[in-house]
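Colleague: Using only what follows, build the 3D model:
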Amino acid sequence: MFHFLFDYAALRLIWWVLLGVLLIGFAVTDGFDLGVGALLPFVARTDAERRVAINTIGPVWEGNQVWLILGGGAIFAAWPALYGLSFSGFYLAMFLVLFALILRPVGFKYRSKREGAAWRRNWDWALFVGGAVPSLIFGVAVGNALEGVPFHFTDDLRAVYEGSLIGLLNPVALFCGLVSLAMLMSHGAAWLIFKADGTVAERAARLGRITAIVTALLFALGGVLVWLGAFGGYQVTSPIVWDGPSNPLGKTVVTNAHAWLRNFGETPVLWLVPLLGVLAPLAAAWGFTAARPRSTLLASGLGIACIIATVGLAMFPIILPSSTNPGNSLTVFDASSSLVTLRNMLFATLIFLPLVLIYTAWVYRVLRGKIGEETIAKAGSTAY
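Modeller: Below is the predicted model of the structure:
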């Protein structure tokens with residue numbers, strides 16, 4: 001029954017899927033935290049309104065960010081070559097994201113320590129930066145992964161990265177960054193109409209409707225650009241040995257302007273995923289108009305999941321292509337950890353991931369209910 005635990009090829013595929021699940025889990029949960037931060041200056045104008053918006057995410061953002069840690073840990077343990085290249089090659093971009101993410105807990109903890117308007121306003125802008133910058137940079141990273149990253153391996157498998165921060169901020173990557181920013185702002189607005197009450201929720205509904213439509217349009221435009229070859233593409237042309245050693249050298253990868261559409265052409269049912277990536281944000285836009293907070297939040301989360309899944313399905317089996325030496329690109333079948341490592345990690349995941357999900361569901365159930373200005377007034381200094 002559990003023969004897959006001893007099948008190297010199966011374990012590689014399972015961990016590719018799990019990596020996608022963790023990334024989607026982070027984007028869907030911590031995504032609305034980031035989105036609320038990015039929306040803060042636009043949905044809340046008074047201190048009371050800003051406290052309402054902040055307190056919708058204040059009790060849960062730390063737990064949501066665990067998904068980011070889980071994703072980073074999974075990459076480190078299951079795909080060490082990917083971890084080494086992405087965290088060292090994208091070092092400056094990662095540092096920028098880390099700086100922005102550090103602003104969030106500091107902003108949450110310090111903004112209410114003093115009554116001064118200037119003091120609180122400065123921390124509110126810090127929360128905005130902590131939400132908007134990561135939302136943009138995460139999309140930029142995806143854009144660079146689609147376009148190809150300038151790296152290669154030496155004969156002794158030492159990775160050499162040849163890019164720069166300015167090179168990462170190219171037009172294609174920035175376009176993907178805008179998709180990510182609009183997507184998470186829409187998700188943040190969906191959370192606000194689900195959790196907040198009063199004026200904050202009303203403004204969030206108006207802005208959410210716009211950002212949801214922008215998300216759908218940008219994602220659809222991205223599909224057109226992929227079809228036109230603007231995003232490039234990479235295709236493995238040599239025979240694939242799924243249970244072979246983890247060595248990114250020795251295979252043949254060619255650039256192909258339409259390679260990112262190849263998997264969808266070979267398996268047409270996969271087109272349902274990008275189709276939902278367009279339709280779900282439009283459904284969320286309708287939900288904002290129809291005042292359906294629960295349906296809107298679910299549609300927004302579905303859209304995020306399908307947009308991220310579309311990227312993974314388009315690139316498979318490539319994980320990180322090399323623009324300077326395509327043959328050195330990292331793939332599912334040659335960049336993973338050993339069979340024993342993948343198997344032991346899967347055992348741990350099967351035990352602890354359900355516990356994390358159960359605990360998360362319990363926390364959200366305990367913290368259910370709307371938050372309005374009256375709630376904040378009653379809570380007093382105990383609220384953010």
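Colleague: give me the number of residues near Asp30?
Modeller: 24 (other C-beta atoms under 10 Å). Where you see a C-beta, it was placed from the backbone N, CA and C, and this is true even at glycine.
Colleague: correct me, but it touches Gln65?
Modeller: Yes - under the criterion of C-beta atoms under 8 Å, Asp30 makes contact with Gln65 at 5.2 Å.
Colleague: Now do stretch 281-293, average pLDDT.
Modeller: Stretch 281-293 carries an average pLDDT of 94.
Colleague: Need the residues that contact it.
Modeller: 183, 186, 189-190, 193-194, 205-206, 208-209, 212-213, 215-216, 219, 295-296, 299-300, 303 (C-beta atoms under 8 Å, 6 or more residues apart in numbering).
Colleague: Buried subset of those residues, written for PyMOL?
Modeller: Command for PyMOL that selects the buried part of the contacts of stretch 281-293, burial taken from 16 or more other C-beta atoms under 10 Å:
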select buried, resi 183+186+189+190+193+194+205+208+209+212+213+215+216+219+295+296+299+300+303
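Colleague: Beyond the longest helix anywhere in the chain, next helix or strand please.
Modeller: For the chain, the longest helix by residue count, based on DSSP state H, is helix 8-43. Next helix or strand after helix 8-43 toward the C-terminus (DSSP states H and E): helix 47-57.
Colleague: Name the residues of the very next helix or strand once past that next one that come out as buried.
Modeller: Downstream of helix 47-57, the next assigned helix or strand under DSSP H and E is helix 61-78. By 16+ other C-beta under 10 Å, the buried positions in helix 61-78 come out as 61, 63-68, 70-71, 74-75, 77-78.
Colleague: For the next helix or strand after helix 61-78, buried residues please.
Modeller: Proceeding N to C from helix 61-78, the next assigned helix or strand is helix 80-89, under DSSP H and E. By 16+ other C-beta under 10 Å, the buried positions in helix 80-89 come out as Pro80, Ala81, Leu82, Tyr83, Gly84, Leu85, Ser86, Gly89.
Colleague: Can you report how many residues neighbour Val366?
Modeller: 9.
Colleague: separation between it and Thr360?
Modeller: With distances taken as C-beta to C-beta, to the nearest Å, Val366 is found 11 Å from Thr360.
Colleague: Likewise for Val129?
Modeller: Between Val129 and Thr360 the computed distance is 27 Å (C-beta to C-beta).
Colleague: do Ala280 as well
Modeller: In terms of C-beta to C-beta, Ala280 sits 22 Å off from Thr360.
Colleague: How about Pro268?
Modeller: 35 Å.
Colleague: For these two, indicate the residue with more neighbours.
Modeller: The neighbour comparison of Pro268 against Thr360 (other C-beta under 10 Å) goes to Thr360, with 17 against 8.
Colleague: Relative to Leu101, how far out is the more buried one?
Modeller: 20 Å.
Colleague: what does Leu279 give?
Modeller: Leu279 is 31 Å from Leu101, by C-beta to C-beta.
Colleague: Phe151 now?
Modeller: The gap separating Phe151 from Leu101 is 25 Å, by C-beta to C-beta.
Colleague: Neighbour count for those two, which is higher?
Modeller: Phe151 (24 against 17).
Colleague: what ranges do the helices span in the protein?
Modeller: Under DSSP H, the chain gives helices at 8-43, 47-57, 61-78, 80-89, 91-110, 117-147, 165-168, 171-195, 199-228, 262-266, 272-290, 293-315, 339-366, 373-379.
Colleague: which parts of the shortest one are buried?
Modeller: I take that to be helix 165-168. Leu168.
Colleague: so what's the closest residue to Ser338 other than its chain neighbours up against?
Modeller: Sequence neighbours aside, Ser246 is the residue nearest to Ser338 in space, at 7.4 Å (criterion: C-beta to C-beta, 6 or more residues apart in numbering). Taking C-beta under 8 Å, 6+ apart, we find Ser246 in contact with Ala81, Asp334, Ala335, Ser336, Ser337, Ser338.
Colleague: Thr154 versus the first one, what's the distance?
Modeller: Going from Ala81 to Thr154 by C-beta to C-beta gives 13 Å.
Colleague: Same check on the fourth one?
Modeller: Relative to Thr154, Ser336 is positioned 20 Å away (criterion: C-beta to C-beta).
Colleague: And for Ala173?
Modeller: Taken as C-beta to C-beta, the span from Ala173 to Thr154 is 26 Å.
Colleague: Pull up the gap between Val160 and Val236, please.
Modeller: As judged by C-beta to C-beta, Val160 and Val236 stand 21 Å apart.
Colleague: which one of those two has more residues nearby?
Modeller: Ranked by neighbour count (other C-beta under 10 Å), Val160 and Val236 place Val236 first, with 20 against 14.
Colleague: pretty sure that one is in contact with Lys251, am I right?
Modeller: Yes - using C-beta under 8 Å, Val236 makes contact with Lys251 at a distance of 6.2 Å.
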